Structures are given as structure tokens and as C-alpha cells.
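Colleague: sharing a sequence plus its predicted fold:
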Amino acid sequence: MRRIGTVVVLAVGIAGCGAPESGIHEADGVRSPARAFAADHVLALVVTEADDGSRRNLAIDQRLTVALPADPSTGYRWRLAHLDPTIVRPIGHPDSGEDSAVPEPPGSAGIETWTFTGNAVGSGPLVMEYARPWEHDVLPARTFTVTIEVN
């Protein structure tokens, strides 16, 4: 009898862990089940410094995470230099991980992440520049380019 109770508690707990349906994409505010399933079950594409100069495929509504090395204590930040928002659009603000539970010592390198989503079929470059925001007539210290093809 005790085992049955344990199994029931585990089953209810697992059932409660299901992901809620996220995001409404259709103009009328109603998501089709097929589109909801596709959007919620496509893995995010992650690109890093090693992907500089490459071409990557992305599905409509699939997330793209750009994770690049950064050291915010130097004043340098990654900025979005070029992107066609009709093809790929940014989501939220970049995350430098500065609010982690374990603070990093000043001058420690980290990873800055940007999140995008495939918006419409098409292809174009996503260009990022590593620069100090207050330096206007100075070339960026680094650039990162990846061509995104949404299909």
C-alpha cells in the first residue's frame, strides 16, 4: 500500500512538471497546435566565437543564442552592428552573467549572451562588434559575423 502511495505522489509530481504552452504567434491571438508544438520542441541553436564567419540554419520561431567571450570590467561590450529584423529578431537584452550568485573578481572574463528568434524565411548576416560604447570614432576591438538562413 505504501508503494502505491509513493507511485501516485511521483506520478502527480512528474505530471506537474510539464511545460506550459508559451507565446502566441498568430495575428488573431490563437496558436495552432502544430505551430505550438514546433515552437516549443525545436532546440535552440547556440553559436560561439568558433562559429565566426560560418553559415547556420534556423527554423522560424527557433531560438538562436550567441555566446561570446567578454570582460565587462574593461568597458567593452558586444553590440549588434547589423541584423535584418524581418528575418531574425532579438529577444530581450543581452546577458553578461554579472548577476550570478558567485561574484567574479574584477577583470575576470565571462560570456555575454544574446538571444534571437527566427522570424521569417530569408538569409542575412548577424554582425556583432566588441567595443566601448563611448568611443565613437574607434574601430571595434573584435567583430563576429555569422550568416543566418531561416527556412
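Modeller: Ah, there it is. Numbering: from 1, shown residues only.
Colleague: give me the below-cutoff pLDDT ranges for this protein.
Modeller: Scanning the chain for pLDDT under 70 picks out 1-42, 96-108.
Colleague: 80 instead, please
Modeller: Scanning the chain for pLDDT under 80 picks out 1-42, 93-109.
Colleague: for it, which segments are assigned as helices?
Modeller: For the chain, the helices defined by DSSP state H occupy 2-15, 33-41.
Colleague: just the buried residues of stretch 51-67, please?
Modeller: Residues of stretch 51-67 classed as buried: Asp51, Leu58, Ala59, Ile60, Asp61, Gln62, Arg63, Leu64, Val66, Ala67 (neighbour count, 16 or more other C-beta atoms under 10 Å). In this view, the C-beta of every residue, glycine as well, is placed from N, C-alpha and C.
Colleague: quick one, what contacts the fourth one?
Modeller: Yep, that's Ile60 we're talking about. If you count contacts by C-beta atoms under 8 Å, 6 or more residues apart in numbering, Ile60 has them with Gly118, Asn119, Ala120, Val121, Val150, Asn151.
Colleague: you'd agree the fifth one is up against Leu126?
Modeller: No. Val150 sits out of contact with Leu126 when judged by C-beta atoms under 8 Å, with a separation of 11.1 Å.
Colleague: what touches both of those two?
Modeller: By C-beta under 8 Å, 6+ apart, the residues touching both Val150 and Leu126 are Val88.
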